[in-house]
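Visitor: 3D, please:
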Amino acid sequence: MLELDAESLYAELRQGVRALLQPGAAIVGIWSGGAWLAERLQRDLGLGGGDKGHGVISSTLHRDDFSARGLAGSDATNLPFAIEGRHILLVDDVLYTGRTIRAVVNELFDFGRPASVTLAVLVDRGGRELPVATAFAAARITLPAAQRLSLSKQDDGRFSFNVREAA
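Guide: Residues are numbered from 1 along each chain as shown. Model prediction:
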């Protein structure tokens, strides 16, 4: 069974994100695991709040499987800053096919045209179906297509991973 230490990987992600951040950049986490990571990164990197707070973005409305999934299980996008002309650091927990990233970038452009979009993930599990690449991944692993890797957030704020068979 695969064992991943989410807290150790988070420490690596924090260092990688620190190196990627440009002046005036905004961190945007993909709902839900990416949003948890963005919130903690914002705090741990001392980036403050207000106009420089982190954003949360949902892929729901732009997914290519929307007709099958609908609106269930997602929070709405919340971007408390202007997107137009801003460097965006997009954060997610697990990158797999690239379809969520495609949907999120479409959602992001509904709010304006960023100067750039850079992707950082906790785990890149391979299996890409679209030409999506990360600027930083704390880990790169291979999992069978029948398995799903997801990030969990404990009550004390610590992260852990769950591996289960895909439905």
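Visitor: nearest spatial neighbour of residue 38, skipping sequence neighbours?
Guide: Nearest non-adjacent residue to residue 38, counting by C-beta to C-beta, 6 or more residues apart in numbering: residue 29, 2.8 Å away. In short, each C-beta sits where N, CA and C put it, glycine included.
Visitor: Looks to me like the one you found is in a helix.
Guide: No - Residue 29: not assigned to a helix; according to DSSP: H, G, I helix; E, B strand; the rest coil it is strand.
Visitor: Quick one: low-confidence residue ranges for the protein.
Guide: 1-2, 48-52, 63-75 (pLDDT under 70).
Visitor: Show me where it has its helices.
Guide: For the chain, applying DSSP state H gives helices covering 6-20, 33-44, 66-69, 99-109.
Visitor: now for these, which one comes closest to residue 132?
Guide: Evaluated over the helices of the chain, closeness to residue 132 peaks at helix 99-109, with 4.8 Å, by C-beta to C-beta.
Visitor: Can you tell me which residue is spatially central in the chain?
Guide: Nearest to the mean C-alpha position of the chain, by C-alpha atoms, centre = their mean, lies residue 92 at 1.6 Å.
Visitor: Distance check, that residue against residue 136.
Guide: 11 Å (C-beta to C-beta, to the nearest Å).
Visitor: Are there residues contacting both of the two? Which ones?
Guide: 119, 120, 121 (C-beta atoms under 8 Å, 6 or more residues apart in numbering).
Visitor: Next step: those residues restricted to strands.
Guide: When DSSP state E defines the strands, the subset of the shared contacts of residue 92 and residue 136 inside them is 119, 120, 121.
Visitor: out of those, which is most surrounded?
Guide: Of all those, residue 121 has the most neighbours under the rule other C-beta atoms under 10 Å, reaching 28 neighbours.
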